[in-house]
Each structure stands twice: as structure tokens, then as C-alpha cells.
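*Asks:* no sequence for this one, just the structure:
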């Protein structure tokens, strides 16, 4: 029976979603095309009807995962997002967690198309995080960008370091707690002063 265009698009989306989950869980080198297609419920040969190479799928699945993180962040209270991101629950669920935290270390050794997908995803999340500050018209765009890049790197790095520790290691929890408390304290300090995180940084700059 001939597959309709709509069904073909749905099948492709399902493969991308499956790949995004498996790559986050096992890493790019830990998932072969045959295993990936089997997990999606398709044959190995069907892969090349949708993608030219595994690298193409890696790039598309990275874009998919990072777009989801940006969507979850949009409109969310920043403090609540930080608490959820720097939680043991997120740390222990690589397959459904943040693509940056799960795969940034792998991406550095992948083709440029994959790294470009990460760069685009980082830019997208940065735009979401800084949108409210920049919409006021009072923020310095360069300082706003630096502030939120610092926040992103702080949060992602905390998850990466925590995951590198044994699952039952007290250090794994300590890393999350220390970084979470530092980020939240910075946000609370800005709120108490009646300023955005960016403008607080500007006020304290020499």
C-alpha cells in the first residue's frame, strides 16, 4: 500500500523524535541506524528514504530537542525554570531532558552541521530568555546577552558535572544545589533591587 505524503511526514517526525530521545540517553556513538529504526518501528532500509546520513538525523534531532527546551522556557518564571532544570529529576532523566546538557560534549566531535544545529539552538534559547529584558528598551543588548549566556553555561555545566559523578554520590547533589542556589540568589538580588538580571550586572560593573 502506497504511503501518503502526510504519513511519510509523520513517519519522519517519529524517527526524529525517537532519535532525539535515544541520542540523549546513549550519546551519538551509542546508537546505530539499525537500532534507531527498530526502536521507531521501521526497517533499517527505510532510513534512507528520509535522511541522507546519520549526521543529517543527528542535526535535525538536535534542533528538535533544543526547540522543545526553548518552548518550555518561553513564558515560564525564570526562577521556577532554574529550579526544575537544576533538579535531581532532570539530572537522572537524560532521555527526556535538555539536549545541550546531554549532548554538548558529543557534539564537539561531530560534523559541522550538528554543531551548527547546537549553535542555532543556543541562540534561540538565548533570545527567549532575554526577550523580556530587551523589550523594555532600557537594557544594553550586549550586557543582556552576556548575562544570559553566563546563566545558561552555569546551568548546563552543573548538569554535566553532576551526571559525571556516580548516581549515589553526595557530590552529584551538592553540585546541583550549589549552582541552583547561586543562580537563584543572583535572580533574587536583581528582583529585590527592582532591576532585571542584566541591569543588576551593569550597575555592579566598574
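*Replies:* Okay, I see it. Here the structure is a predicted model, which means the values were calculated and not measured. Numbers count the residues shown, from 1 in each chain.

*Asks:* any idea how far residue 130 lies from residue 64?
*Replies:* 23 Å (CB to CB, to the nearest Å). In this view, the C-beta of every residue, glycine as well, is placed from N, C-alpha and C.

*Asks:* who's more crowded, those two?
*Replies:* residue 130 (21 against 17; other CB atoms under 10 Å).

*Asks:* Contacts only, for the more buried one.
*Replies:* 139, 144, 145, 147, 148, 198 (CB atoms under 8 Å, 6 or more residues apart in numbering).

*Asks:* if you set the cut-off to 6 Å instead, what comes out?
*Replies:* Counting by CB atoms under 6 Å, 6 or more residues apart in numbering, residue 130 touches 144, 148.

*Asks:* From residue 49, how far out is it?
*Replies:* 40 Å.

*Asks:* Is it correct that residue 86 is in contact with residue 177?
*Replies:* No - using CB atoms under 6 Å, residue 86 is not in contact with residue 177, being 8.1 Å away.

*Asks:* quick one: which of the two has more around it?
*Replies:* With neighbours defined as other CB under 10 Å, residue 86 and residue 177 compare such that residue 86 has more, 25 against 15.

*Asks:* quick one: pLDDT of the closest residue to that one other than its chain neighbours?
*Replies:* The shortest distance from residue 86 to any non-neighbouring residue, by CB to CB, 6 or more residues apart in numbering, is to residue 180 (3.9 Å). Looking at residue 180, its pLDDT stands at 97.
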